[in-house]
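Colleague: Okay, structure incoming, though there's no sequence with it:
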């Protein structure tokens, strides 16, 4: 195995590894996008719930005679819902940041794969050239052997002519 063929095997391994990394990072990006979508859905669902709950609480306050403690309880519950909404919004922001970061990782992995593929193609071309040169060298050597063989099988013309002259 020539040096170029050994390099080709190494480049093939690196290209395959880079390709596997791209596949892995693409899957990770999909998981990050799914997590972001889930966080968005959770936030939207909670906003709908909180709005409906707040409406019910205030309708209840307006429908009956209340004490100060009842109003404080409603304010506290509404404050808790606002805090929970902020937590869901923060989770959504974090999920989006993770998705963006994963997207950047995928772009880097793709660039590495493209470079590995380019290096593989380059060394593959060199191996092809090397094989063609080796075949050409073998053909030239075989041709030279045939020419040498033809020359050695032919009798020496000068010696044959000398023998004829002596016979006369």
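Modeller: Sure thing, it's come through. Keep in mind it's a predicted model, so treat the numbers as computed, not measured.
Colleague: how near is the spatially most central residue of the chain to residue 92?
Modeller: Note on the chain: the residue nearest the mean C-alpha position is residue 22, at 1.7 Å, using Cα atoms, centre = their mean. Look at residue 22 and residue 92: by Cβ to Cβ, to the nearest Å, they are 27 Å apart. No exception for glycine: its C-beta is placed from N, CA and C like everyone else's.
Colleague: ditto for residue 108
Modeller: 25 Å.
Colleague: more crowded one of these two?
Modeller: residue 92 (20 against 13; other Cβ atoms under 10 Å).
Colleague: Touching, that one and residue 40? I think so.
Modeller: Yes. Counting by Cβ atoms under 8 Å, residue 40 is a contact partner of residue 92 at 5.6 Å.
Colleague: so what's the residue nearest to the centre of the chain up against?
Modeller: 106, 109, 110, 113 (Cβ atoms under 8 Å, 6 or more residues apart in numbering).
Colleague: what helices or strands is the longest helix anywhere in the chain leaning on?
Modeller: Identified as the longest helix of the chain according to DSSP state H is helix 68-153. Packed against helix 68-153 by the contact rule (3 or more Cβ pairs under 8 Å, 6 or more residues apart in numbering; DSSP states H and E) you find helix 3-63.
Colleague: Report the angle between the helix it packs on and helix 68-153.
Modeller: Between the axes of helix 3-63 and helix 68-153, defined by axes from the mean of the first three to the mean of the last three Cα atoms, to 10 degrees, the angle is 170 degrees.
Colleague: Could you give the average pLDDT over helix 3-63?
Modeller: The average pLDDT within helix 3-63 is 95.
Colleague: what does stretch 71-83 give?
Modeller: On average, stretch 71-83 scores 96.
Colleague: repeat for stretch 100-114
Modeller: Here the average pLDDT along stretch 100-114 is 97.
Colleague: Please name the residues that touch residue 106.
Modeller: By Cβ under 8 Å, 6+ apart, residue 106 lies in contact with 22, 25, 26, 28, 29.
Colleague: In space, what's closest to it - neighbours in sequence excluded?
Modeller: Nearest residue to residue 106 in three dimensions, chain neighbours excluded: residue 25, at 4.4 Å (Cβ to Cβ, 6 or more residues apart in numbering).
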